[in-house]
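Enquirer: Turn this into a model:
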Amino acid sequence: MSTATAEAPTALPPIKRRNAELVLVAVAIAITMAGIAVAGLNLNGRIPSAMWTVGLTFGVLAIAAHVAMRFFAPYADPLILPCTLFLNGIGVAMIWRLDAIGAEDIERAGAGSQLVFSGVGIVCCFLIIIFLKDPRVLQRYTYISGLSALILLLLPAIPGLGVSVYGARLWIGIGPFTVQPSEFAKIALVIFLASYLMNKRQVLAIVGKPVKIGRFKIIDLPRGRDLAPILVGWVLAIGVLVLLRDLGTSLLLFGTFLAMLYVATQRSSWVTIGLAMFMGGASLAYLLFWHVKARVNIWMNAFDEAVYNEVGGSQQLVQGLVGMGYGGLFGTGIGGGEAHNIFAADSDFILASLGEELGLTGLLTVLMVLFLLVERGMRVALASTIPFNKLLTSGIAFVLAYQVFIVLGGLTRVIPLTGSTTPFMASGGSALMASWIMMGILLRISDLARRPAPQAIQDEGATQVIRR
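Expert: Below you'll find the model as predicted:
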């Protein structure tokens, strides 16, 4: 009897499945148009013309993306593009609904801007698919990617260039526009980590000194000389927390770093050490910096009357919680609630807006699609036979997962509210374009992982003599 253990299959079938993708893309378009139609009926009692203008414009972008897939990435995962378009479309429909209410005291991007950013993001996605034939070329730019990530993160801290919004210094002003460089910094950071860990994974996986209690081993500590990468990542995360006053980006960067480090080394001790370091640094920041202490106070005492009424207090968080509670199981319907009164209803709190008007059922549907996208990213990472592609894809999947956790965790008071954006749904060009760029990398690697293996030349044996 064989003693070999059975392993779960990781190879993906070399099947194109573009027709299945087309059906799902059509469903995403229909849901987007239906969302705008329902919002118009609830707001004005009639189907708005935007169902055709906004809906069909989005539909043209979606169909164009699908057609491009047939030519440039025919073997890519058939679920990634439809899931992305579904999320993008729901975001467009919700932003149109919030913009249509005509609230003059709140600045909103509007569905028109969101459509433009969606189009630019889709173009960036397919430029990557077309020109990035082999993602391994990114390994040549290990330290350039790392330096780029560092510069992008620090740009908002430069006096005269950075713009502070709602207490966080995350944007830079370029003429009449604002750009959030940290959204692009996370892509450069994932590329840097994938390349660096690809080269150093064997060294980092070496076990140092085991820590035991009696005969029981608690943890394997790494060698002292190998702690430099995690120390650099910790300093970067705490620096972002202190300089930019942004716990969300700090948690996202360090969490992605730890996850990719674990994927590269398969050592849980790195995660344990990293979490202990981050908690220690965050606790120290809480004691030293007032803005960190204020965020924690809002988190712990959101319903306290004094905290609720103070400037920059918990009013925004409580509004989101009440809105989600008011939505109940099935919601009020898009346009049938008071989501437009929620602070930053189309950006940081768009999940709260969806929770009120789509209810728990609709919000869970959106979350299922988000995590299905993460699962497909992980599936591509497992199927990829190239270590760098595996690390890069898993890093992108971790970024998406952490973003959703940070946003939803803040809204539901699992963690302090941070002000991060929901991928593909929140209003704003920087986050949307950065998300589409990550999808371009994911689709390219997916196409490479699913392509059929080249036919090996069979050995014909001895030379045959052919008689006439």
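
Enquirer: ok, now which ones touch His91?
Expert: I think there's a mix-up here, since residue 91 is Gly and not His. Going by Cβ atoms under 8 Å, 6 or more residues apart in numbering, Gly91 touches Gln114, Ile350, Thr422, Phe424, Met425, Ala426, Ser427. All C-beta atoms are positioned from the backbone trio N, CA, C, and that covers glycine.

Enquirer: ok, 6 Å please
Expert: With contacts defined as Cβ atoms under 6 Å, 6 or more residues apart in numbering, Gly91 is in contact with Met425.

Enquirer: so how far is Ala65 from it?
Expert: 16 Å (Cβ to Cβ, to the nearest Å).

Enquirer: same question, Trp299
Expert: On the measure of Cβ to Cβ, Trp299 and Ala65 end up 39 Å apart.

Enquirer: out of these two, which sits in the more crowded spot?
Expert: Ala65 (24 against 19; other Cβ atoms under 10 Å).

Enquirer: Surely that one touches Gly121?
Expert: No: the pair Ala65 / Gly121 is not scored as a contact, 10.1 Å apart, by Cβ atoms under 6 Å.

Enquirer: mind checking how far Val38 is from Asn88?
Expert: 18 Å.

Enquirer: So which of the two has more stuff around it?
Expert: Asn88 (28 against 19).

Enquirer: mind listing what the more buried one touches?
Expert: If you count contacts by Cβ under 6 Å, 6+ apart, then Asn88 has Ser118, Phe424 around it.

Enquirer: any idea which helix or strand comes after whichever strand or helix holds Ala37?
Expert: In the assignment (DSSP states H and E), Ala37 maps to helix 18-44. Scanning forward in sequence from helix 18-44 by DSSP H and E, the next helix or strand is helix 50-72.

Enquirer: Can you list the helices and strands that the helix ranked longest in the chain packs against?
Expert: What stands out as the longest helix in the chain, according to DSSP state H, is helix 350-383. Using 3 or more Cβ pairs under 6 Å, 6 or more residues apart in numbering; DSSP states H and E, the elements in contact with helix 350-383 are helix 80-100, helix 315-327, helix 387-411, helix 429-450.

Enquirer: which stretches of this structure have low pLDDT?
Expert: 1-12, 102-110, 162-169, 175-176, 205-230, 234, 241-244, 454-468 (pLDDT under 70).

Enquirer: So which residue is smack in the middle of the protein?
Expert: Nearest to the geometric centre of the chain sits Leu400, at 2.6 Å (Cα atoms, centre = their mean).

Enquirer: need the contact list for it.
Expert: Here Leu400 is in contact with Val374, Pro423 (Cβ under 6 Å, 6+ apart).

Enquirer: returning to that earlier point: what distance separates the helix holding Ala37 from the middle of the whole chain?
Expert: Mean C-alpha position of helix 18-44 versus that of the full chain (Cα atoms, centre = their mean, to the nearest Å) differs by 23 Å.

Enquirer: can you check stretch 287-300 too?
Expert: Remark: stretch 287-300 is offset 26 Å from the chain centroid, using Cα atoms, centre = their mean.

Enquirer: for stretch 254-261, same thing?
Expert: Distance, centroid of stretch 254-261 to centroid of chain: 14 Å (Cα atoms, centre = their mean).

Enquirer: who's in contact with it?
Expert: With Cβ under 6 Å, 6+ apart as the criterion, stretch 254-261 contacts Leu193, Gly233, Ala237, Trp270, Val271, Gly274, Phe278, Gly395, Phe398, Val399, Tyr402.
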